[in-house]
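S.K.: how would this look folded up:
(chains A and B)
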Amino acid sequence: MIYGKIWCVVKPSVGIPLFLSAVAIGSFAVHVALVTNTTWVKDFLQGGQKTVAAQPAVKK
Amino acid sequence: MCQRKMTSRPIAGLTALDPPAVVVMTAPVRVQHEEEVFQRRNAMADPNKVWPTGLTEAESEEIHRNLIQGTQIFGMIAVLAHLLAYIYSPWLH
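M.R.: Next comes the predicted model:
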């Protein structure tokens, strides 16, 4: 397996938590960015508000 | 057994015709030295060698196999979660 010998030189007790932390922090950061930079996530989580396509204004 | 290659780096004052410099070693020292050089060059060939992390190559490969498998399972669950989020949320709509 490619790179299988990495744990001969990197302690698994250091490398594995580092790897898992990188994945966790990375994905958390992406989701935080999504929540803080968009409006629809809050609305979606609030619920009960079906989005309806905007009707064209009717002239009277 | 390993053979020591002479470097082609020129030495000041010597021509190519001069015999190479020889370090005189007594037989046991030479054998030990050659053994050390051989082991250094063929370190990856010894399956029972314990590396600085305290693992052998087989143990290292086993850890790596499990880590890769865990990553693949995590990835599949993540793909499924994103698919569901795409279907049931306004994300990307």
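
S.K.: center of chain A, which residue is that?
M.R.: Chain A has A:His31 as the residue nearest its centroid, 3.2 Å off, counting by C-alpha atoms, centre = their mean.

S.K.: From B:Ala78, how far out is that one?
M.R.: According to C-beta to C-beta, to the nearest Å, A:His31 and B:Ala78 sit 12 Å apart. In this view, the C-beta of every residue, glycine as well, is placed from N, C-alpha and C.

S.K.: who's in contact with the residue lying closest to B:Pro52 once chain neighbours are set aside?
M.R.: Counting by C-beta to C-beta, 6 or more residues apart in numbering or on different chains, B:Pro52 lies nearest to A:Val9, which is 6.5 Å off, once chain neighbours are set aside. A:Val9 is in contact with B:Trp51, B:Pro52, B:Thr53, counting by C-beta atoms under 8 Å, 6 or more residues apart in numbering or on different chains.

S.K.: what's the closest non-adjacent residue to the first one?
M.R.: In other words, B:Trp51. A:Cys8 (3.7 Å).

S.K.: from memory that neighbour sits against B:Ser60, does it?
M.R.: Yes - the criterion here is C-beta atoms under 8 Å, and A:Cys8 meets it with B:Ser60 at 4.8 Å.

S.K.: hey, where'd the helices end up in chain A?
M.R.: Per DSSP state H, chain A carries helices over the ranges A:12-37, A:40-46.

S.K.: neighbours around A:Trp7, how many?
M.R.: Residues contacting A:Trp7 under the criterion other C-beta atoms under 10 Å in any protein chain shown number 24.

S.K.: list the contacts for it?
M.R.: Contacts of A:Trp7 (C-beta under 8 Å, 6+ apart): A:Gly15, B:Thr53, B:Leu55, B:Glu59, B:Ser60, B:Ile63, B:His64.
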